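[1] I'll drop the sequence and a predicted model, then ask my questions.
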Amino acid sequence: MADDSLVLVSNQSAVRTLTLNRPASLNSFTSQMHRELRPALDAAADDSSVRCLVITGAGRGFCAGQDLNDAEVGTNVGQVVERIYKPLALRIASMPIPVIAMVNGVAAGAGANFALGCDVVIAAKSASFIQAFSKIGLIPDCGGTWLLPRLVGRARAIALAMTGDKLSAEEAERIGLIWRCVDDAALADQTMALATKLAAMPVKALAATRRVIDDAMTIDYAAALSNEARVQNEMGAQADFREGVAAFLEKRAAKFSDR
Ligand code: T3D
């Protein structure tokens, strides 16, 4: 029987994949999809057997942002952003495990910024990124105003956001908006290879790495150095650190378990 969930959940060893599942509308976000997505993200965060999360879309798109037919559109856009997109972006940024966006097709509006907020973005060559907001009289949301200038600099951030032009995945990789662009046929395998590799690593330290790098963007050099000392102190007290050092000295593969 077909699964009519709007967020499909699958597991491969320690890697969980969430697939946005409204392919006929390029997986644009509806209220119902958000009602399924948030608990699915929380469940991945809370399940200690999950050590890396992959997010992708069904069909030919990744996510076309807010569904413009959804009943909530036009009521109070600011409230939708405050109530839905802000917590969504913060949920991704606070995941205790690495999160990979596997961008299989067009990512537009909040769908683009949802992807860009993930730790690593891998896109198929046929995929594209569109800051579609300007075309409907809005500004970038779901973290776009914060992410874009940090990823590609102010000049490109403003031009991308103002024009709403489609950026190919190859160009997105070239300007540093995403980590990598790969052949369509290789997308799933290359993403799973990376996810499997990250899942076997000390994921607690990987999540802390994201945190300190994000912190460093808003504090001065001395404060960043102090932050490194503080978080390193936390990491140094974890079993993963002891295991990593022991494995190195014993010339064996490490088995990390902290989360
Ligand atoms: O409350 C709030 O709104 C605040 C939050 C805002 C956050 C946002 O995300 S605002 C930005 C919303 N997104 C957009 O404006 C993007 C709209 N979509 C497009 O511009 C194009 O669809 C794409 C450039 C993404 C892809 O173009 P293309 O030619 O490959 O596909 P298409 O034919 O336009 O779309 C295929 C179908 O998906 C089509 O349906 P149909 O005609 O086959 O029945 C199209 O209407 C539907 N679709 C695509 N995007 C959306 C959508 N339906 C509803 N909402 C969408 N965002």
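    Sure, I can see it.

[2] need the contact list for the residue of the stretch 101-250 of the chain found nearest the ligand.
    Among all residues of the stretch 101-250 of the chain, residue 109 sits closest to the ligand, at 2.6 Å; criterion: C-beta to the nearest ligand atom. Using the backbone N, CA and C atoms, a C-beta is placed for each residue, glycine as well. Counting by C-beta atoms under 8 Å, 6 or more residues apart in numbering, residue 109 makes contact with 64-66, 130-133, 142.

[3] which of those residues are close to the ligand?
    Counting by C-beta under 6 Å from any ligand atom, 64-66, 130, 132-133 from those sit close to the ligand.

[4] those in strands, which ones?
    The strands, defined by DSSP state E, take in residue 130 from those.

[5] before we move on, the earlier item: quick check: pLDDT value at the residue of the stretch 101-250 of the chain closest to the ligand.
    As predicted, residue 109 sits at a pLDDT of 98.

[6] over to residue 1?
    The per-residue pLDDT of residue 1 was computed as 58.

[7] what's the answer for residue 136, then?
    Listed pLDDT for residue 136 reads 97.

[8] can you pull the contacts of it?
    residue 68.

[9] care to break the chain down by domain?
    The chain breaks down into these domains under automatic domain parsing: 7-199, 203-250.

[10] of those, which stretch is the most buried?
    domain 7-199 (a mean of 19; mean count of other C-beta atoms under 10 Å).

[11] and that domain, end to end?
    Distance between the two ends of domain 7-199: 22 Å, counting by C-alpha to C-alpha, to the nearest Å.

[12] and it, how far out from the chain's middle?
    6 Å (C-alpha atoms, centre = their mean, to the nearest Å).

[13] what does stretch 245-256 give?
    How far stretch 245-256 lies from its chain's middle: 30 Å, per C-alpha atoms, centre = their mean.

[14] how about the CA coordinates for it, as PDB?
    Written as PDB, here are the backbone C-alpha positions of stretch 245-256 (Å, rounded to 0.1, in the frame of the first residue of the first chain):
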ATOM      1  CA  VAL A 245      43.000   8.400  21.700                       C
ATOM      2  CA  ALA A 246      43.000   4.700  22.900                       C
ATOM      3  CA  ALA A 247      42.100   3.500  19.400                       C
ATOM      4  CA  PHE A 248      44.900   5.600  17.900                       C
ATOM      5  CA  LEU A 249      47.500   4.300  20.300                       C
ATOM      6  CA  GLU A 250      46.300   0.700  19.900                       C
ATOM      7  CA  LYS A 251      46.300   1.100  16.100                       C
ATOM      8  CA  ARG A 252      42.700   0.000  15.800                       C
ATOM      9  CA  ALA A 253      39.400   1.500  14.500                       C
ATOM     10  CA  ALA A 254      37.700   3.600  17.100                       C
ATOM     11  CA  LYS A 255      34.100   2.800  18.200                       C
ATOM     12  CA  PHE A 256      32.400   6.000  19.200                       C
END
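
[15] relative to residue 195, how far out is residue 97?
    Residue 97 sits 10 Å away from residue 195, going by C-beta to C-beta, to the nearest Å.

[16] on that earlier part again, need the domains of the chain in JSON lines (columns: distance to residue 258).
    JSON lines is the format used below for the domains of the chain (distance: least, C-beta to C-beta, whole Å):
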{"stretch": "domain 7-199", "distance to residue 258": "10"}
{"stretch": "domain 203-250", "distance to residue 258": "4"}
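
[17] ok, which of those comes nearest residue 257?
    domain 203-250 (6.5 Å; C-beta to C-beta).

[18] check which helix or strand residue 159 maps to.
    Counting by DSSP states H and E, the element that carries residue 159 is helix 154-163.

[19] all helices in the stretch 51-200 of the chain, in order from the N-terminus.
    77-80, 86-93, 110-116, 144-152, 154-163, 169-174, 187-199 (DSSP state H, counting those that start in this stretch).
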